[in-house]
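Enquirer: Here is a sequence together with a model predicted from it:
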Amino acid sequence: MSGDGNRRDYDGYARPGLDRSGQAEAFDAIGHRYDEAFPHKEGQFGAGAWLAAALPPGSRILDAGCGTGLPTARQLTDAGHHVVGVDLSPGMLELARGNVPKAEFHQADLADLRDGRLGVFDGVAAFFSLLMLPRAEIPHALRMLHGLLRPGGLLALSMVEADVDDYAIPFLGNTIRVSGYLRDELRQVVGEAGFEVAGENSLAYAPASTDVPPEIQLFLNLRRA
Ligand SMILES: C[S@@+](CC[C@H](N)C(=O)[O-])C[C@H]1O[C@@H](n2cnc3c(N)ncnc32)[C@H](O)[C@@H]1O
């Protein structure tokens, strides 16, 4: 798919170079404790409300790295949209299917969506999922999501503000690798991927578990330019 002008691709990023070791296993082990550790999701709920209201009812929305489906897949489904959730972790997907029976869920690596297997979307929610990728991959993932959106389509993106790349952190008794940007750099990265910023929010978040450090969450409401 590279070199054909389709911005959905991972052009220049080698699939064999993707290292997902331990990421799905960690979330399989974390399971429902994820929602217990992050009980208050006002920022995410606000960003989901923007996406839900900005699109006409019945829109097709991808929940990229959907986790347990809470709150986002359920929020978007309750608003009358058709939600397609994708996650690497079978354990998270099992919870999501129970939490949001009206949504459709698939086990897949985000990188594999570049083949267009799930079709075109009016909107995408990517809450705290692209931070699970190494920094070198994130621009490719954003361009791929751009290519999955119809012209004018919307992306609700959240990341943790941090200047780190593929950095191993303890997380609810497991180890995961995360990446992040400071906010100016994040705006630049999304702009270079072809998105314009329609709104943004940041908030300090203290998880309800000492196994997860406090964090600054960044929410960007983006439009496919
Ligand atoms: C921090 S959780 C966020 C879950 C959900 N979006 C939320 O906000 O509650 C990250 C999720 O991304 C999933 N994930 C990590 N790497 C992924 C990948 N390469 N492809 C698809 N999902 C991935 C994990 O299994 C996990 O469910």
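Expert: Here it is on my side, so go on.
Enquirer: worst-scoring helix or strand of the chain, pLDDT-wise?
Expert: helix 33-37 (a mean of 88; mean pLDDT, DSSP states H and E).
Enquirer: Now it - C-alpha only, PDB.
Expert: Provided in PDB are the C-alpha atoms of helix 33-37 (Å, rounded to 0.1, in the frame of the first residue of the first chain):
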ATOM      1  CA  ARG A  33      -8.600  -3.600  37.600                       C
ATOM      2  CA  TYR A  34      -8.000  -1.000  34.800                       C
ATOM      3  CA  ASP A  35     -11.400   0.500  35.300                       C
ATOM      4  CA  GLU A  36     -11.000   0.400  39.100                       C
ATOM      5  CA  ALA A  37      -7.700   2.300  38.900                       C
END
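Enquirer: Buried ones in that helix, by neighbour count?
Expert: Across helix 33-37, burial judged by 16 or more other C-beta atoms under 10 Å covers Y34, D35, A37. For every residue, glycine as well, the C-beta is placed using N, CA and C.
Enquirer: downstream neighbour of that helix in the secondary structure list?
Expert: Next helix or strand after helix 33-37 toward the C-terminus (DSSP states H and E): helix 42-54.
Enquirer: Tell me which residues touch V160, please.
Expert: By C-beta atoms under 8 Å, 6 or more residues apart in numbering, the contact set of V160 is F128, L131, V178, G180, E215, I216, Q217, L218.
Enquirer: Okay, and the beta partners of the residue nearest the centre of the chain?
Expert: The centroid of the chain falls nearest to A126 when counting by C-alpha atoms, centre = their mean (2.3 Å). Beta-bridge partners of A126, counted by DSSP bridges, are L157.
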